[in-house]
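J.: sequence first, then the predicted structure, then my questions.
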Amino acid sequence: MDVVILCGGKGTRLSEETVSKPKPMVEIGGKPILWHIMKTYSSFGHKKFILALGYKANFIKEYFYNLRISASDFTLKMTPDQDPLFYNSMPESDWEITFVDTGEETLKGARVKLVEKYIESDDFLLTYGDGLSNVNINDLINFHLSNKKIATVTAVHPPSRFGELELNGSIVTNFQEKPQMATGYINGGFFVFNKKIMDYLTEDENCDLEFGALQTLSNEGQLHAHLHDGFWQCMDNVRERDYLDNLVRSNKAPWIK
């Protein structure tokens, strides 16, 4: 399936980084979080990406355009009619990426509608450019197809804002930093949509996805939830960026296979 990733947000709560780059390009473990998201889908065999760009779109375009050069050994003859000769292939060599500038102020629903012409599969995957999970993408797809509905959302347990202590009197018997909450589900941002969702969207920049199409689909019984009780974490602030970065650097990142 085609994979649409919403990459247009400004990420104001990470302003010390996003003043110079878009939020999906904020690095964790030395790689943009967008790369980690794409790597997750790629590990399940989904390697055709459509990036809905907005804020600082050129930063994302230039990163991937130059990725092959920066990751490879090559010979360059300084004549205009010869391409560089590359000596090694990179892990991302089988990725296909379409970059679509959908505007800086456009809401999510309109961004999805604006990439419609590039989506070739009848059903497609969609996620945000700032969240990571170890959700099994192919199980998610099979759940979506079995229900024959227009939309499927991954329902996840949100992480706690604070550390959790288990006590025996005044003795701490268990300490967890940012544990997953055991009760309640929220929108985890890993979707599967049938292209019929486009009938619920417009190219008007004020067309939203959550406060619009998904609410309508829910009212019509066309939105199913795939429950995921494993790891999920968004990156909305510096604390969450550092948490994800530490997971990668300590080889404890649940989304990395």
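T.: On my side now, so go ahead. Numbering: from 1, shown residues only.

J.: drop to CA atoms for contacts and neighbour counts, all remaining ones
T.: Noted.

J.: any idea how far residue 80 is from the residue nearest to residue 256 when sequence neighbours are not counted?
T.: Of all residues not flanking residue 256 in the chain, residue 40 sits nearest, at 7.1 Å (CA to CA, 6 or more residues apart in numbering). To residue 80, residue 40 is 37 Å away according to CA to CA, to the nearest Å.

J.: same question for residue 157.
T.: 54 Å.

J.: of those two, who's got more company?
T.: Higher neighbour count among residue 157 and residue 80: residue 157, with 22 against 6, using other CA atoms under 10 Å.

J.: so what's the residue count around the residue lying closest to residue 116 once chain neighbours are set aside?
T.: Distances taken as CA to CA, 6+ apart place residue 198 nearest to residue 116, at 7.5 Å, with adjacent residues excluded. When neighbours are defined as other CA under 10 Å, residue 198 has 17 of them.

J.: Provide the secondary structure category for residue 198.
T.: helix (DSSP: H, G, I helix; E, B strand; the rest coil).

J.: check the gap between it and residue 143 for me.
T.: Counting by CA to CA - residue 198 and residue 143 are separated by 21 Å.

J.: pull up the gap between residue 42 and residue 221, please.
T.: Residue 42 is 31 Å from residue 221, by CA to CA.

J.: residue 211 too?
T.: Taking CA to CA, one finds residue 211 at 16 Å from residue 221.

J.: go on, residue 199?
T.: Taken as CA to CA, the span from residue 199 to residue 221 is 16 Å.

J.: more neighbours: which of the two?
T.: Neighbour comparison, residue 199 and residue 221: the larger count goes to residue 221, with 12 against 9 (by other CA under 10 Å).

J.: now do the contacts for that one.
T.: Contacts for residue 221 (CA atoms under 8 Å, 6 or more residues apart in numbering) come out as none.

J.: Three-state assignment for it, please.
T.: Taking three-state DSSP, the label given to residue 221 is coil.

J.: give me the distance between it and residue 247.
T.: 38 Å.

J.: any idea which residue of this protein is furthest from its center?
T.: residue 169 (42.4 Å; CA atoms, centre = their mean).

J.: and that one, how far from residue 243?
T.: Taking CA to CA, one finds residue 169 at 30 Å from residue 243.

J.: quick one, helices of this structure?
T.: 15-18, 33-43, 57-70, 108-114, 137-147, 215-219, 238-249 (DSSP state H).

J.: looking at these, which one has the lowest mean pLDDT?
T.: Mean pLDDT per stretch puts helix 15-18 lowest among the helices of the chain, at a mean of 78.

J.: that helix: how far from the chain's middle?
T.: Here helix 15-18 shows a centroid-to-chain-centroid distance of 19 Å under the convention CA atoms, centre = their mean, to the nearest Å.

J.: so what touches it?
T.: By CA under 8 Å, 6+ apart, helix 15-18 touches 10, 11, 12, 23, 26.

J.: state the number of residues packed around the first one.
T.: One way to gauge burial is a neighbour count; for residue 10, by other CA under 10 Å, it gives 19.
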